[in-house]
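In: Turn this into a structure:
(chains A and B)
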Amino acid sequence: MVPMFSASRIIKSSLFLLLAGGIISFNSCKKDDESATESVPLTPYSIDIPHGFPEPYLNADNPMTVEGIDMGHHFYYDPILSENGMRCTSCHFPNRSFSGLPYTTPAGDDIDIPPHVNLAWNPDYDWDGGIHMLDSLPLGDFAPQFFNTNMMALRQRLTASDYYSEMFKKVYHVTNFYSLTDDQLKMDIVKTIAQYLRSMVSANSKYDRYKLDHSVFTPSELNGYLIFMTEKGDCFHCHGDPLFTINQNKNNGLECNPTGINQGAYLITGIETDKGKFSVPTLRNIEFTAPYMHDGRFQTLEEVVEFYNSGVCQSSPNIDPIMTKPAKIYGLQLFDWEKADLVAFLKTLSDTTFMNNPNFANPF
Amino acid sequence: MKKLVLVLVLVSLFSCKKDATDFVDPTPTTSNVKVQITYNVDGEAVVFDTVRYTTPSGLPFSVVTVNYFLSNIYLIKSDSSNVKLADYFYGDGRDLTSTLDVSSIAIGNYIGIKFNIGVDSAHNIVDGLPATVDYNNMIWPEALGGGYHFLKFEGYFTDAGVNYGYAMHLGKNPNLVPVVLYHSISVSGTTSAINLKMNLNEWLKNPSIYDFNTDGNYSMMNDAAMQKLSENGTDVFSF
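Out: This next block holds a predicted model:
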């Protein structure tokens, strides 16, 4: 199998050395495995950090390699992990910036499925910020309500696959899937998926081009940009450039008396001052990730803008202080054409080259 | 044979002495400096989110956010010359583990420390500082002139039983806050600690009382409010 990532993308020498060291260390840990074979050097992969982006959150215990990403890429699209034909893209649709329609929990709550975009810059995951390591995020997908994975059957399928047999040998020096415990096998799989997710970088939107050339915006987009980035709309304090999220938990005033899943981070921490707070989502590719909010309550960007314009509950517990400015107490008071301009600007955050990137396309 | 043994012993003895002489540590001329900043309201340590304090104008308030920059941080020598500690430092009131650590500062007695609260004009521009998570979250949008927030001091206050939010945001070059603190600082040994305190209520008093009700509970787009905060800010720090 030809790796999906060419060697020409391997850059950033300092990170290279760090990764190389990590890989040596990582591989040496696998030597105890009975099925370990002779070590073959892997190809370190370094994220090409877009201008203005901070350093991504990486995991020294799971250094990115071309081979690891390639295997994660295959797992992402492959129903091999499930007993029911499901795969990651069953819920994370490529044409929706790898987001999905809301998932209904056994308790009957709808939880919106967020996009997979620039996850390497997220310090935590899920709407309530309850997962702090991308490398363990996909573990939940083996559960009965998702992949319903039978681990022995999975071992049989992997053993029968020339690709995964070869890649496990390369990446983990494992030739016998039965030598791994269920937990070891799951972790080996999700680590490669995490590597793949970290490689999914989006920074080629019209807005990114605007920063280089201020003439690219239409008058409507420019006015929307000014509403967004000034105190008039005051979106930037939580959705700041360039990630369009500050990656913190905030209460934006959706509910006056949050109960059930609407309590957000409180359900994780039990701290009263976390009640109603949710992880601020990125707005990159927001055009493609409907519906919106943690429960998918808004179907369109127009509905979202109208919520911020007139629907914020000012008495919500722990509502962010930024949401209770005097200019917001009675709503933003935007004219219809200003709301349309704001939506026009939000659509400039769309990056179709990301969704159409062959590195993120179905490899089968 | 006895002579040979004696010669060997002497050679060995002199070798040891020579080695010992060569590896005597010189007297250290520099020390590592660690600047630690703690946060209080009129002497009471800040507990974020839950505890209510009282503003100088008599309003109960809580603290949710204290983020700020320091820039051009120098130790002051007795001859009034300066030794640079750092170009800038990002402070987060919730993170007491974040310290300014500087290596190789000349040992000696200093008479004080000086810095600006905020980002100096040379760096207070678009992309003026390296892109980090913390720095990016302090960006002052290009549409508003570009650069960085100098301060984000946010929380809630109560007036007549009603809860309100407040956000004291400071930015723009004219509002850079010069701070000079004269205090004997001894830099010696392996690591020298400099402990500074920020009294949040000093943002709201001295020389002028800042009242959330009359001056505004949000300073954004309010030049008069930001000017008052800037003037009050010169003495928020102390030893």
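
In: Counting by contacts, list what the lengthiest strand in chain B packs against.
Out: Counting residues, the longest strand found in chain B (DSSP state E) is strand B:60-76. Counting by 3 or more C-beta pairs under 8 Å, 6 or more residues apart in numbering or on different chains; DSSP states H and E, the packing neighbours recorded for strand B:60-76 are strand B:30-41, strand B:53-54, strand B:82-92, strand B:100-106, strand B:108-117, strand B:151-159, strand B:177-187. To be clear about C-beta, it is placed using only N, CA and C from the backbone, and glycine gets the same treatment.

In: will you turn the ones you listed into JSON lines that also has mean pLDDT and distance to A:Val343?
Out: What follows is those, written out as JSON lines (pLDDT from 0 to 100; distance: least, C-beta to C-beta, whole Å):
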{"stretch": "strand B:30-41", "mean pLDDT": "96", "distance to A:Val343": "41"}
{"stretch": "strand B:53-54", "mean pLDDT": "97", "distance to A:Val343": "41"}
{"stretch": "strand B:82-92", "mean pLDDT": "97", "distance to A:Val343": "34"}
{"stretch": "strand B:100-106", "mean pLDDT": "95", "distance to A:Val343": "44"}
{"stretch": "strand B:108-117", "mean pLDDT": "97", "distance to A:Val343": "38"}
{"stretch": "strand B:151-159", "mean pLDDT": "97", "distance to A:Val343": "28"}
{"stretch": "strand B:177-187", "mean pLDDT": "97", "distance to A:Val343": "39"}
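
In: I'd like to know which of those strands is closest to chain A.
Out: strand B:151-159 (4.6 Å; C-beta to the nearest C-beta).

In: how many neighbours does residue 119 have?
Out: You didn't say which chain, so I picked chain A. Residues contacting A:Leu119 under the criterion other C-beta atoms under 10 Å in any protein chain shown number 21.

In: wrong one, I was asking about chain B
Out: Neighbour count for B:Val119, taken as other C-beta under 10 Å: 29.

In: pretty sure it is in a strand, no?
Out: No. Read with DSSP: H, G, I helix; E, B strand; the rest coil, B:Val119 is coil and lies in no strand.

In: That one contacts B:Tyr148, correct?
Out: Yes. Applying C-beta atoms under 8 Å as the test, B:Val119 and B:Tyr148 come out as touching, 4.8 Å apart.

In: How about the secondary structure of A:Phe75?
Out: Following three-state DSSP, A:Phe75 is assigned to helix.

In: list the buried ones in the longest strand of chain B?
Out: B:61-76 (16 or more other C-beta atoms under 10 Å in any protein chain shown).

In: do the same with stretch A:196-215
Out: By 16+ other C-beta under 10 Å, the buried positions in stretch A:196-215 come out as A:196-203, A:205-208, A:210-211.

In: What is the most widely separated pair among those residues?
Out: Greatest spatial distance among the buried residues of stretch A:196-215 (C-beta to C-beta): A:Tyr196 and A:Tyr210, at 29.5 Å.

In: Below-threshold pLDDT in the chain: ranges please.
Out: In the absence of a named chain, chain A is used. A:1-39, A:328 (pLDDT under 70).

In: that's the wrong chain, I wanted chain B
Out: In the predicted model of chain B, residues B:1-26 satisfy pLDDT under 70.
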